[in-house]
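Chemist: Model the structure of this input:
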Amino acid sequence: MTDDVILDVKNFEVSKFKNDASYHQSVDRILACNHPILDYIHHNGAFNGSANIARQLSLYELYKMTSHLAGHVAEIGVWKGASFLYWAKLVDIFEPNSNTLVHGLDWFQGMDPGKMDGTVQPGKCGADYDTLRNLIDIQDLGHIARLHKLDITKDLDKFFTTFPSAHFKLVFIDAGVYEVVKAAVTHFWPRLNTGGILVLDEFNWETSPGEAIAIRETLPNARIQSFSWTRQPSGYIVKDKEG
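Modeler: Numbering: from 1, shown residues only. Here you go, the predicted model:
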């Protein structure tokens, strides 16, 4: 007998999603087929994996749950812009006559984990601001998609001084780092409309614990829900009262 406790954190998601390796192998085989590049855009459903499609469906469902509310959409941590521009296109389709904007906030240097963040890799999810800015302009989405290069942990006071009237109906936190999540919730929750939704991309992920810890500290009584059919986003909170 021994009193040693062995906690397997490193392989937590690896064992849960054990089929990921075969999916990535299939992507390599698809690319080896040399399909015309345009096919990957115009026939996306033929190539995209089920996990990615489930993610897009969940973002659509969350947007539709809030589309009737007044307020903007915010995304904290935009990376290469996949969900940020997806939100913008949903607003373009379903709210052509509203004043809803989609604000994307990122410092584009990748993750900067602290002691609360487990095995999160420094620099992960870094991207280039100018590349995304150009993608917005090419698709003529600048009237909806507003991109802000800033440090979430330090610059949100300045952001809300610049946009003092900004009110939100949907806030998507896709950062996975304790300090970023805590700062984002502290600033955005009071500005989230009643009935609005705070979306969490990595809630309850053992390899990225900072997000759950920050939520527990800032919103200890929150009822956190999820869609059983998608791994990410992994949680969301409907704001059911003022405050």
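Chemist: switch to C-alpha atoms for all contacts and neighbour counts from now on
Modeler: OK.
Chemist: Low-confidence ranges, this structure, go.
Modeler: Within the chain, the stretches with pLDDT under 70 are 1-3, 5-19, 242-243.
Chemist: What ranges does it have for its strands?
Modeler: Taking DSSP state E to define them, one finds strands in the chain at 72-76, 102-106, 145-149, 168-173, 192-200, 235-238.
Chemist: could you give the angle of the fourth one to strand 72-76?
Modeler: So the one you mean is strand 168-173. Put simply, strand 168-173 runs at 10 degrees to strand 72-76, going by axes from the mean of the first three to the mean of the last three Cα atoms, to 10 degrees.
Chemist: Just the buried positions in strand 168-173, please.
Modeler: Buried positions in strand 168-173, judged by neighbour count with 16 or more other Cα atoms under 10 Å: 168-173.
Chemist: Pairing partners for it, with directions?
Modeler: strand 72-76 (parallel), strand 192-200 (parallel) (DSSP bridges).
Chemist: Could you export the strands of the chain to TSV, including columns for distance to Ala51?
Modeler: Output for these, formatted as TSV (distance: least, Cα to Cα, whole Å):
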stretch	distance to Ala51
strand 72-76	20
strand 102-106	23
strand 145-149	25
strand 168-173	18
strand 192-200	17
strand 235-238	16
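Chemist: Next, work out how far apart the most centrally placed residue in the chain and Phe188 are.
Modeler: In the chain, the centroid-proximal residue (Cα atoms, centre = their mean) is Asp174; its distance is 3.1 Å. Noted for Asp174: a distance of 14 Å to Phe188, by Cα to Cα, to the nearest Å.
Chemist: what's the answer for Gly196, then?
Modeler: Using Cα to Cα, Gly196 is found at 11 Å from Phe188.
Chemist: quick one, which of those two is more surrounded?
Modeler: Set Gly196 next to Phe188 and count neighbours by other Cα atoms under 10 Å: Gly196 wins out with 28 against 19.
Chemist: who's in contact with the closest residue in space to Gly123 that isn't next to it in sequence?
Modeler: Residue nearest to Gly123 in three dimensions, not counting chain neighbours: Gly110, with 4.1 Å by Cα to Cα, 6 or more residues apart in numbering. Counting by Cα atoms under 8 Å, 6 or more residues apart in numbering, Gly110 touches 79, 122-127.
Chemist: Pro113 reaches Gln121, doesn't it?
Modeler: Yes: using Cα atoms under 8 Å, Pro113 is in contact with Gln121, at 7.2 Å.
Chemist: Only alpha carbons, please: show stretch 50-60 as CSV.
Modeler: Output of stretch 50-60 as CSV, limited to C-alpha atoms (Å, rounded to 0.1, in the frame of the first residue of the first chain):
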residue,chain,number,x,y,z
SER,A,50,-17.6,16.8,-37.1
ALA,A,51,-16.0,18.6,-34.1
ASN,A,52,-15.5,21.8,-36.2
ILE,A,53,-19.0,21.7,-37.6
ALA,A,54,-20.4,21.1,-34.1
ARG,A,55,-18.6,24.2,-32.9
GLN,A,56,-20.1,26.3,-35.6
LEU,A,57,-23.5,25.0,-34.9
SER,A,58,-23.2,25.8,-31.2
LEU,A,59,-22.0,29.4,-31.9
TYR,A,60,-25.1,29.8,-34.2
